[in-house]
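**Student:** give me coordinates for this.
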Amino acid sequence: PLIDIDLTETPRFEYRGLRYFAHRSLHRFQAEHWNLEDWQKEIDWILKKRLNLFMLRIGIDDIFQKTFPDIVPYPKPDEPLPEAGEAHHDRNLFWSLEYRGELRKKLLHYAFERDLMHPEDCGTVTHWYSRTPKAYLEKVNPLLLCGSKYNGELTGQTWDVLNDENLANYFKLTDTHIKEYGSPEIFHTIGLAERSFSEDPEVNMRLKLYVYRRICAHLKDKYPNAPLLIASWDLWGWFRNQDVQRMLEELDPNQAIIMDYTSDTMCSKNFT
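**Tutor:** Residues are numbered from 1 along each chain as shown. Down below sits the predicted model:
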């Protein structure tokens, strides 16, 4: 009989979660294809596994359309996405942006009702899976960081964050997601990870540290109590030991948390 039981469990880690990413494959194994019922089942499973955080990294949906409505229109659902390239750059949608926006709102509401946390993506969010719409590039014409191309795809480049206007527009995207979908409880950034902007490693390192510095300062000013998860891609594949040490010296341990989702990869470069 279930009587006189006093059971208490304390997790080793304050944040325990999963990251759903932008790679594509069969329906059940690709979060980009799931409908609301699929997500509800997944969220229920997350709770059963006693996790408390999950992250959607499946594109930035209609954030540009909601942030810059006078600049970026919704694409026609029956036509190819203007910024879709070839091979893995082909980001044509399986759902319309309008539907994806409605779906994101409903699934995050379902998750928040169950006390799950969802990190708000911030800083340099444009990447090969989070494209800058061509309409934005044509009308705003932001300066781009030299060397950040993905096979020549301008839509996958990072805006030049040495320009304050570019950085401010990046933060506007995050503010819109918070307003439309999310919560400023916790944040995430990839910084300039995975990307190289100069043949001089010192130039690369200084630029990447500068970006972390600006992102951390913005969040401390606007959301002083919110932690920041920092992606570990550079620590896994690009940074040397001394680079990791320099990065950690820049970060405030009361704010920043290294989100190590690369430690299980079979690679001799994994950092300690």
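**Student:** all strands for this protein, in order.
**Tutor:** 17-20, 53-56, 120-121, 187-189, 228-231, 256-259 (DSSP state E).
**Student:** state the pLDDT value of the most centrally placed residue in the chain.
**Tutor:** By CA atoms, centre = their mean, the chain has its centre lying nearest to D121, at 4.4 Å. For D121, the pLDDT comes out at 96.
**Student:** any idea how far it is from T176?
**Tutor:** Here D121 is placed at a distance of 11 Å from T176 (CB to CB, to the nearest Å). C-beta coordinates here come from the backbone N, C-alpha and C atoms, glycine included.
**Student:** can you give me the helices in this protein?
**Tutor:** All helices of the chain, identified by DSSP state H, fall at 36-48, 63-67, 97-113, 134-140, 164-180, 201-222, 233-237, 241-250.
**Student:** in JSON lines: those, plus mean pLDDT.
**Tutor:** Output for these, formatted as JSON lines (pLDDT from 0 to 100):
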{"stretch": "helix 36-48", "mean pLDDT": "96"}
{"stretch": "helix 63-67", "mean pLDDT": "97"}
{"stretch": "helix 97-113", "mean pLDDT": "96"}
{"stretch": "helix 134-140", "mean pLDDT": "96"}
{"stretch": "helix 164-180", "mean pLDDT": "97"}
{"stretch": "helix 201-222", "mean pLDDT": "95"}
{"stretch": "helix 233-237", "mean pLDDT": "84"}
{"stretch": "helix 241-250", "mean pLDDT": "92"}
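**Student:** hey, which of those helices is tucked in deepest?
**Tutor:** Burial of the helices of the chain is given as mean neighbour count (mean count of other CB atoms under 10 Å); helix 63-67 ranks first at a mean of 21.
**Student:** what's it packed up against?
**Tutor:** Where contact means 3 or more CB pairs under 8 Å, 6 or more residues apart in numbering; DSSP states H and E, helix 63-67 is packed against helix 164-180.
**Student:** alpha carbons only: can I get the helix it packs on in CSV?
**Tutor:** The C-alpha coordinates for helix 164-180 follow below in CSV (Å, rounded to 0.1, in the frame of the first residue of the first chain):
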residue,chain,number,x,y,z
ASP,A,164,25.0,49.4,-33.2
GLU,A,165,21.9,49.6,-35.4
ASN,A,166,22.4,45.9,-36.5
LEU,A,167,22.7,44.8,-32.9
ALA,A,168,19.7,46.8,-31.9
ASN,A,169,17.7,45.1,-34.7
TYR,A,170,18.8,41.7,-33.5
PHE,A,171,17.5,42.5,-30.0
LYS,A,172,14.2,43.7,-31.6
LEU,A,173,13.7,40.2,-32.9
THR,A,174,14.1,38.7,-29.4
ASP,A,175,11.8,41.3,-27.9
THR,A,176,9.2,40.4,-30.5
HIS,A,177,9.4,36.7,-29.7
ILE,A,178,9.0,37.5,-26.0
LYS,A,179,6.0,39.6,-26.7
GLU,A,180,4.3,37.2,-29.2
